[in-house]
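Visitor: Fold the following.
(one chain, ligands or ions: 1)
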Amino acid sequence: MKFIFVTGGVVSSLGKGLTAAALGTLLENRGLKVALQKFDPYLNVDPGTMSPYQHGEVYVLDDGAETDLDLGHYERFTSTKLSRMNNLTSGQVYQKVLNNEREGVYLGKTVQVIPHVTDEIKNRIHLLAEKSKADVIITEIGGTTGDIEGLPFLEAIREFALEVGYNNAIFIHVTYVPFIKAAGELKTKPTQQSVAKLREIGIAPHIIACRCEKPLDKELRQKISMFCNVPVEAVIEAKDVDHSIYEMPLMLQRERLDDLVCRLLHLTTPAPNMAHWQEIIRKLIAPQHRVRVGVVGKYIGLQDAYKSVYESIIHGGIGNDCGVEIVQVDAEEIEKFGADKMLHGLGGILVPGGFGERGIEGKILAAKYARENKIPYLGLCLGMQIATIEFARNVLKLEKAHSTEFDENSPHPVIALLDAQRKVTKKGGTMRLGAQPCQLVVGSMAGQLYGSFVIHERHRHRYEFNNHYREKFEKAGFVFSGLSPDGKLVEVIELKDHPFFIASQFHPEFLSKPHQPHPLFKGFIAAAHQYIHHKPL
Ligand code: GLN
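Guide: Numbering: from 1, shown residues only. Next up, the predicted model:
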């Protein structure tokens, strides 16, 4: 078994996760079984309790783990199935070590960062290796080299590499080579210093992946090679992609990264066949059709808050050979300026998940606008609850209908907590989380889109459709097209007299891939294109 460690230097947000994921794509296409994991040095047990402003989206796995959004890249770029084994935070490590200490596991020893914390970290790599039976484990270390909180992780991977032998483990350091406008040059100094920092703790990277805006010429490559002590072929240019993150695997392949990795790890495999990725890129760069859809949210301008939603929309586009322009609409602006002004001309309207009251009324106006004007609508989690509230208020005339999340005293709590959730007092990891089965109704739009009747989708929410109102809704043309197998929980809804109005209590955006667009997103983009086609602006 072989191990690849990906570290980052100079600044955060360099796309280490994408680099790890794209390398995973290449190795998989060489016929290798790949497993990916991410270590995060912060003290939260998981990112589930963090605001999107702090951490971007929380990515949910089948087993209900709330994880870093890089795990979304791992699942989208490879076929690996992830579980809570694949994301480890300092918080989890310390929790485990402290529990062990209380239970007397350390038999009277002084409990220390080295070896107890580092052992726990190494253990997680071994556990994943055992469980995944992968040929190659790629471990990404979050944070930036030089951060105090990252040190135990770096120490642990240094020891790990020593223990498994240098033929079996390599280090890839992702750094930044900034372009300094005043000098008109790319500068290598930050990279040199960041590598020096790594070597100080005993890690000598085998490969330097240089994020840069301009191409790295031969001279710069030689300079980095000399100062960072790697052969020149191990200086990899990771230039900003022109169109899409999905170009990354092809770009790294052109730099022969996968070739080099396989040589360093003594892996003999054929060159990867990337024809299907090339076709994906073709559809992204030169699609046959184009459409604009709106995402109505409250974290507008924050690229990472709706990461998987945006990616899934793009996948839906790939599935229709359709380039999608995503218009980010601030729900509060709809409240101020009206739906028509903010949403006019869009092929489709999507309301994603969310928590908290800000922007709720704007989202309700967006759902109303989509329903009344027969514009394709896709609601995800909160987006389904919004569609429900809107229908209750404006079609069923249930005055002040609301979710109890936003109005505890609503006379018509059409969205409410189940008893099980009412008792919950702790915040972390206590929502309805992870993959759960759902049965689709024969003849429904959802059933048609999925082409099957039992599906498994991932959840992350507390509130549910209030069954007390089911009959009233049904009589007025609101279709419950997906239910939990016991029939008690509403999972998918749609509208009868509408070309495409569909919303799910689960989060389909966690299961879409560029080469396997999710049926709901594929259907949404097809409907949006159809709508614009038949109703020219
Ligand atoms: N706030 C809602 C709930 O908890 C919706 C959550 C979401 O959209 N993920 O049920």
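Visitor: And the strand or helix carrying residue 26, what does it pack against?
Guide: With elements taken from DSSP states H and E, the one containing residue 26 is helix 16-28. For helix 16-28, the packing partners by 3 or more CB pairs under 8 Å, 6 or more residues apart in numbering; DSSP states H and E come out as strand 2-8, strand 34-40, helix 70-77, strand 136-141, strand 169-176, helix 248-254, helix 257-264. Backbone N, C-alpha and C define where each C-beta goes, glycine included.
Visitor: Relative to the ligand, which of those is closest?
Guide: Distances from the ligand to each of the helices and strands packed on helix 16-28 were compared using CB to the nearest ligand atom; the minimum, 14.8 Å, belongs to helix 70-77.
Visitor: ok, and what's touching the next helix or strand after the closest one?
Guide: The helix or strand immediately downstream of helix 70-77 is strand 87-89, counting by DSSP H and E. Applying CB atoms under 8 Å, 6 or more residues apart in numbering, the external contacts of strand 87-89 come out as 37-47, 65, 67-68, 71, 121, 124.
Visitor: before we move on, what about stretch 409-418?
Guide: The set of residues external to stretch 409-418 that reach it, using CB under 8 Å, 6+ apart, is 385, 388-389, 392, 398-405, 407, 462-466, 469.
Visitor: and residue 534, which of the helices and strands packed on helix 16-28 is closest to it?
Guide: Put simply, out of the helices and strands packed on helix 16-28 the one that sits nearest residue 534 is helix 70-77, at 31.9 Å, with distance taken as CB to CB.
Visitor: could you check the angle strand 136-141 makes with that closest one?
Guide: Between the direction of helix 70-77 and that of strand 136-141, the angle (axes from the mean of the first three to the mean of the last three CA atoms, to 10 degrees) works out to 150 degrees.
Visitor: about what we covered before: for the helix holding residue 26, what does the pLDDT average out to?
Guide: Across helix 16-28, pLDDT averages out at 96.
Visitor: likewise stretch 325-341?
Guide: Computed over stretch 325-341, the mean pLDDT rounds to 96.
Visitor: quick one on the thing from earlier: which ones, among the contacts of strand 87-89, also lie beside the ligand?
Guide: Counting by CB under 6 Å from any ligand atom, nothing from these sits close to the ligand.
Visitor: Report the buried members of the residues you listed.
Guide: Judged by neighbour count, with 16 or more other CB atoms under 10 Å as the criterion, the buried members of the contacts of strand 87-89 are 37-42, 44-47, 65, 67-68, 71, 121, 124.
Visitor: Without its sequence neighbours, what residue ends up closest to the spatially most central residue of the chain?
Guide: Against the mean C-alpha coordinate of the chain, by CA atoms, centre = their mean, the closest residue is residue 72 at 3.2 Å. Nearest in space to residue 72, with sequence neighbours left out and distances taken as CB to CB, 6 or more residues apart in numbering, is residue 59 at 4.3 Å.
Visitor: shouldn't residue 209 be in contact with residue 171?
Guide: No: under the criterion of CB atoms under 8 Å, residue 209 makes no contact with residue 171, lying 11.0 Å away.
Visitor: Contact partners for the nearest residue to residue 465 once chain neighbours are set aside?
Guide: Leaving aside its sequence neighbours, residue 465 sits nearest to residue 490 (CB to CB, 6+ apart; 3.7 Å). Contacts were defined as CB under 8 Å, 6+ apart; by that measure residue 490 touches 464, 465, 467, 470, 480, 482, 483, 505.
Visitor: that older thread, which of the contacts of stretch 409-418 are buried, as a PyMOL select command?
Guide: Only the buried members of the contacts of stretch 409-418 end up in this PyMOL selection, burial being decided by 16+ other CB under 10 Å:
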select buried, resi 385+388+389+392+398+401+402+403+404+405+407+462+463+464+465+466+469
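Visitor: The residue with the largest distance to the centre of the chain in helix, strand or coil?
Guide: In the chain, the residue that sits farthest from the middle, by CA atoms, centre = their mean, is residue 108; the gap is 42.6 Å. Here residue 108 is recorded as coil under DSSP: H, G, I helix; E, B strand; the rest coil.
Visitor: The ligand contacts on the stretch 201-350 of the chain?
Guide: Proximity of the stretch 201-350 of the chain to the ligand is not found for any residue under the rule CB under 6 Å from any ligand atom.
Visitor: quick one, helices of the stretch 201-350 of the chain?
Guide: 218-228, 248-254, 257-264, 275-285, 307-319, 331-337, 339-343 (DSSP state H, counting those that start in this stretch).
Visitor: could those be laid out in a markdown table, adding mean neighbour count?
Guide: A markdown table is the format used below for these (neighbours: other CB atoms under 10 Å):
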| stretch | mean neighbour count |
| --- | --- |
| helix 218-228 | 16 |
| helix 248-254 | 20 |
| helix 257-264 | 20 |
| helix 275-285 | 15 |
| helix 307-319 | 26 |
| helix 331-337 | 17 |
| helix 339-343 | 17 |
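Visitor: thought residue 174 was touching residue 8?
Guide: Yes: applying CB under 8 Å, one finds residue 174 in contact with residue 8, separated by 4.9 Å.
Visitor: and the residue in the stretch 301-450 of the chain positioned nearest to the ligand, what element?
Guide: Here the residue of the stretch 301-450 of the chain nearest the ligand is residue 353; by CB to the nearest ligand atom that distance is 2.8 Å. Assigned by DSSP H and E, residue 353 falls within no helix or strand.
Visitor: repeat for the one 10 residues further on
Guide: Here residue 363 is covered by helix 360-373, with elements defined by DSSP H and E.
Visitor: With just CA atoms, put that helix into CSV.
Guide: Output of helix 360-373 as CSV, limited to C-alpha atoms (Å, rounded to 0.1, in the frame of the first residue of the first chain):
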residue,chain,number,x,y,z
ILE,A,360,-36.8,33.7,4.4
GLU,A,361,-39.5,36.0,3.1
GLY,A,362,-37.5,36.7,0.0
LYS,A,363,-37.2,33.0,-0.6
ILE,A,364,-40.9,32.6,-0.2
LEU,A,365,-41.5,35.3,-2.8
ALA,A,366,-39.1,33.5,-5.2
ALA,A,367,-41.1,30.2,-4.8
LYS,A,368,-44.3,32.1,-5.4
TYR,A,369,-42.9,33.7,-8.5
ALA,A,370,-41.8,30.3,-9.8
ARG,A,371,-45.1,28.7,-9.1
GLU,A,372,-47.3,31.4,-10.5
ASN,A,373,-45.2,32.0,-13.7
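Visitor: for it, packing partners?
Guide: Short answer (3+ CB pairs under 8 Å, 6+ apart): helix 360-373 packs on strand 289-297, helix 331-337, helix 339-343, strand 348-351, strand 377-380, helix 382-394.
Visitor: pLDDT averaged over the longest one - what is it?
Guide: Throughout helix 382-394, pLDDT has a mean value of 98.
Visitor: can you list the residues that contact the next helix or strand after that helix?
Guide: Past helix 382-394, further along toward the C-terminus, the next helix or strand under DSSP H and E is strand 401-403. When contacts are taken as CB under 8 Å, 6+ apart, the neighbours of strand 401-403 outside the stretch itself are 385, 389, 392, 393, 410, 411, 412, 413, 414, 415, 416, 463.
Visitor: what does stretch 153-168 give?
Guide: 1-3, 5, 7, 39, 41, 90, 113-114, 117-119, 121-122, 125, 139, 141, 143, 145, 169-171, 198, 201-203, 265-266.
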